[in-house]
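Q: Sharing a model that was predicted from the sequence below.
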Amino acid sequence: MENTRTLKDKILLIIKGLAMGAANKVPGVSGGVVAFVAGFYEEFIFSLQRINGKAFKFLFNGRFKSFVQYINGRFLGLLILGMLISYFSVSQILDYFIQHYKLYVWSAFFGMILGSIYYIGKDFKHWNRRTIISLLIGAGIGIAISLMNPAMENDHLGFVFICGIISVSGMTLPGLSGSFILILLGNYVLLLVDSVNALYNTIAEMVQGNFEFLSNPERVRDLKVLGVFTAGSAVGLVTLSHLLNYVLKNFKHITTAVIIGFISGSLGVVWPWKEEIYKMDEVGNKLLDSNGREIIENYKRFSPDFTLSETWIALFFILFGIIIVLALDWYGRRTKKI
């Protein structure tokens, strides 16, 4: 499997990693969907499942070549390289658009999540009493989360590690967006924008011989957060691949129904038309987090005003988000026929 890859195959793998990494950063799009429609999902899960006791035995005994061959290491390495490149580039782009075009960004996210619901549910033909109850339970949990006060950003390293484990769910389970879960947990911007940008800026400064970041407590915090988040993601990637194999083998239809219900019920979290209600101090000033952003206490959701041009632009971005997911589905069906 490893030795038969040509240079073209290796470049394509990096490109697939780029696409998978970008998908994992965007709420509503699952990296697993990219892997599935691009035709390497089974090899990806198989390779992750090979990271087990036998693999670590090779590693600890110094048999590095056997370790790499056993876990399909070149495949995983090229794929992860593409993901890392994507994480830096997409993070910079997302940071800019979230700051300047928030309504349109959330509209695109909303559309992608709608498309994701369609993607998961379109071929699901196993509706019965158990799956309907599972759907309702998932929807109930999602609606309850939508009605709750938004989760506050939490940089406690233990919680960040758990977020890392959860964030890679979208890689191993097509249709479930790990970044969407991070939004629900309140740590999306911290983990997928701020901390990644902190590393990008740190590397750029170090190349120029500038080490002033060592005396910047916010930068050091973001780098610690990124390190713990990465460790959690690595642990989650391996453990979830084994857990996924068991769950899908024994509870596939129930799991799918719960995911459809949960994502549908949680749509209110990413409703584009909302007004932020900020936390205030005793004298009426907005409270700021460690990165200087106003702390959001809750949202006031409202219906779009169709007399405004920005509403129609936002609707276009919702449609655009849906089309992205449908295009992935169309591409996957087309490649299977070829």
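A: That came through, no problem.
Q: mind checking pLDDT for residue 314?
A: Reported pLDDT at residue 314 in the predicted model: 96.
Q: The helix or strand encompassing it: how far from the chain's middle?
A: Assigned by DSSP states H and E, residue 314 falls within helix 309-337. Here helix 309-337 is found 18 Å from its chain centre; the criterion is Cα atoms, centre = their mean, to the nearest Å.
Q: Could you tell me which residues within it count as buried?
A: 311, 314, 317-318, 321-322, 324-325, 328-329, 332 (16 or more other Cβ atoms under 10 Å). (Glycine included, C-beta is placed from N, CA and C.)
Q: again, but for stretch 255-267
A: 255-267.
Q: Next SSE downstream of the longest helix along the chain?
A: Secondary structure of the chain read by DSSP state H shows that its longest helix is helix 217-265. Using DSSP H and E, the next helix or strand after helix 217-265 towards the C-terminus is strand 274-278.
Q: what comes up buried for that following strand?
A: residue 274.
Q: Okay, now the sheet partners of it, with direction.
A: Sheet partners assigned to strand 274-278 using DSSP bridges are listed as strand 296-301 (antiparallel).
Q: pLDDT of the partner strand, averaged?
A: 72.
Q: now stretch 185-203
A: Stretch 185-203 comes out at a mean pLDDT of 85.
Q: Measure how far it is from the centre of its chain, please.
A: That offset, for stretch 185-203, works out to 13 Å (Cα atoms, centre = their mean).
Q: That stretch: end-to-end distance?
A: 28 Å (Cα to Cα, to the nearest Å).
Q: and it, which residues are buried?
A: Neighbour-count burial for stretch 185-203 [16+ other Cβ under 10 Å]: 185-200, 202.
Q: got it, and stretch 128-135?
A: In stretch 128-135, counting by 16+ other Cβ under 10 Å, buried: 131, 134-135.
Q: wait, which of these is closest to residue 104?
A: For the buried residues of stretch 128-135, the residue nearest residue 104 by Cβ to Cβ is residue 135; the value is 31.0 Å.
Q: Please report how far residue 329 lies from residue 9.
A: 24 Å (Cβ to Cβ, to the nearest Å).
Q: Poorly predicted segments of the stretch 51-200 of the chain, please.
A: Applying pLDDT under 70 to the stretch 51-200 of the chain picks out residues 91-92, 95, 149-151, 170, 173-176.
Q: hey, where'd the helices end up in it?
A: With DSSP state H, counting those that start in this stretch, the ranges of helices along the stretch 51-200 of the chain come out as 53-60, 64-70, 73-100, 102-121, 129-147, 157-167, 169-172, 178-185, 188-189, 195-207.
Q: deepest of those, which one?
A: helix 169-172 (a mean of 28; mean count of other Cβ atoms under 10 Å).
Q: Which strands and helices lie in contact with that one?
A: helix 7-25, helix 31-37, helix 41-49, helix 178-185, helix 217-265 (3 or more Cβ pairs under 8 Å, 6 or more residues apart in numbering; DSSP states H and E).
Q: lowest-confidence stretch among those helices?
A: Among these, helix 31-37 carries the lowest mean pLDDT (a mean of 70).
Q: which SS class is the residue of the chain most remote from its centre?
A: Ranked by distance from the centre of the chain (Cα atoms, centre = their mean), the top residue is residue 283, with 38.3 Å. What DSSP: H, G, I helix; E, B strand; the rest coil gives for residue 283 is coil.
Q: any chance you could read off phi and psi for it?
A: phi -100, psi 10 (degrees, to the nearest 10).
Q: Next: residue 306.
A: phi -80, psi 0.
Q: Check the burial of it by counting its neighbours.
A: Neighbourhood size, residue 306 [other Cβ atoms under 10 Å]: 9.
Q: What of residue 222?
A: By other Cβ under 10 Å, neighbour count at residue 222 equals 25.
Q: contacting residues for the residue nearest to it when sequence neighbours are not counted?
A: Residue nearest to residue 222 in three dimensions, not counting chain neighbours: residue 198, with 3.5 Å by Cβ to Cβ, 6 or more residues apart in numbering. Residue 198 sits next to 219, 222-223, 226 when contact means Cβ atoms under 8 Å, 6 or more residues apart in numbering.
Q: just to revisit the earlier point, may I see the helices of the stretch 51-200 of the chain arranged in TSV, with distance to residue 236 as well?
A: Converted to TSV, those look like this (distance: least, Cβ to Cβ, whole Å):
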stretch	distance to residue 236
helix 53-60	17
helix 64-70	21
helix 73-100	14
helix 102-121	20
helix 129-147	20
helix 157-167	3
helix 169-172	7
helix 178-185	9
helix 188-189	16
helix 195-207	16
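Q: Good, we can wrap up now.
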